[in-house]
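Asker: Here's a sequence, model it:
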Amino acid sequence: MSFAGTGRKTRVLPNGGEVPRHFFVRGCFMSNLSIFVDESGTFGPYEHHSPFYIVTLVFHDQSIDISSNLKRLRDAMKQRGLPDYTVHAGPLIRRDDEYRDFICEERKIIFDYLFNFVRTVDIRYHSIHVEKKHLDDDMDLVYRLTKQLSAFLNEHLKELLGYDKIIVYYDYGQKELSKILVSVFNAILRNVSIKKVAPANYKLFQAADMLCSLELLSIKANRKMLSNSELTFFSSERNLNKSYLRVLKKKRFGR
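Answerer: As a prediction, the model looks like this:
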């Protein structure tokens, strides 16, 4: 399979020539893969309001030009008078933090603009999750996340090694997850580097945040655990599944 999905595109030069977006060194094309990582949940004791720990990885072949997708998103936000700012999907759904003064319709517009970007941009994603109530302690969570991430990388090792360089982007929001990422990726891949990212600088990191939130909603919907605020935001569980969760199945890695 291909991480890119539709193949590599080229960039047109002013003189009419074309050059691939991956760069050329010593006669060889160099291909890079970006992996944006975000999480939902926290380390520490099990809490009823946060029963799951989820890690989502978004894959983007850097040879794929997404500038038109970014422009459509920014133009749509601008037309609505919205700033080009960092969108946090969880608080947006729950009406928390910076979205406290936004009515449901306003929050839904922002959510749908970013969702449309995620739906149409050429990316793939994979999520792993652990139900915390079955854990003994934090080390058990570390073990289970490490095991799942290692299994996924090893399963797709051939494709991953086909890239000259892999750059993993994480905001280092949780030091425990940071350590897992560093240890697992470096243990399995020889061509990887891990960089701290500022969410505001990368829409694909915001895409990872949204996908992570939707994966959590998918788990909760399957267990009839959706909150009133979540059901209100999406109108119904049926609409959540039909308009969002089913659509994103096409984006899953290895589908």
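Asker: Buried residues, the longest helix anywhere in the chain. List them.
Answerer: Using DSSP state H to define each element, the chain has its longest helix at helix 203-222. Residues 203-221 are the ones in helix 203-222 that count as buried (16 or more other CB atoms under 10 Å). Backbone N, C-alpha and C define where each C-beta goes, glycine included.
Asker: what's that helix packed up against?
Answerer: On a contact count with 3 or more CB pairs under 8 Å, 6 or more residues apart in numbering; DSSP states H and E, helix 203-222 meets strand 32-40, strand 52-61, helix 89-94, helix 104-120, strand 124-131, helix 237-240.
Asker: just checking, next helix/strand downstream of that helix?
Answerer: Later in the chain than helix 203-222, the nearest helix or strand by DSSP states H and E is helix 228-233.
Asker: residues in contact with that following helix?
Answerer: Ile93, Arg94, Arg95, Cys104, Arg107, Lys108, Phe111, Leu217, Lys220, Glu237, Leu240 (CB atoms under 8 Å, 6 or more residues apart in numbering).
Asker: which regions of this protein lie under the pLDDT threshold?
Answerer: Applying pLDDT under 70 to the chain flags the ranges 1-29, 255.
Asker: same thing but at 90, please
Answerer: 1-30, 44-50, 80-85, 97-98, 134, 136-138, 190, 198-200, 249, 253-255 (pLDDT under 90).
Asker: middle-most residue in it, spatially?
Answerer: Ala208 (1.7 Å; CA atoms, centre = their mean).
Asker: and that one, what does it touch?
Answerer: So Ala208 contacts Phe36, Val37, Asp38, Thr56, Leu57, Val58, Tyr125 (CB under 8 Å, 6+ apart).
Asker: Swap in 6 Å and give it another go.
Answerer: Phe36, Asp38, Thr56, Val58 (CB atoms under 6 Å, 6 or more residues apart in numbering).
Asker: Touching, the third one and Leu211? I think so.
Answerer: Translated: Thr56. Yes - in this structure, Thr56 is within contact of Leu211 by CB atoms under 6 Å, at 5.0 Å.
Asker: Mutual contacts of these two, please.
Answerer: Contacts common to Thr56 and Leu211, judged by CB under 6 Å, 6+ apart, are Tyr125.
Asker: that older thread, is it possible to export the helices and strands packed on helix 203-222 to TSV including mean neighbour count?
Answerer: As requested, those are arranged in TSV below (neighbours: other CB atoms under 10 Å):
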stretch	mean neighbour count
strand 32-40	23
strand 52-61	23
helix 89-94	20
helix 104-120	17
strand 124-131	20
helix 237-240	15
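Asker: Quick check: closest non-adjacent residue to Ala187.
Answerer: Ser150 (7.6 Å; CB to CB, 6 or more residues apart in numbering).
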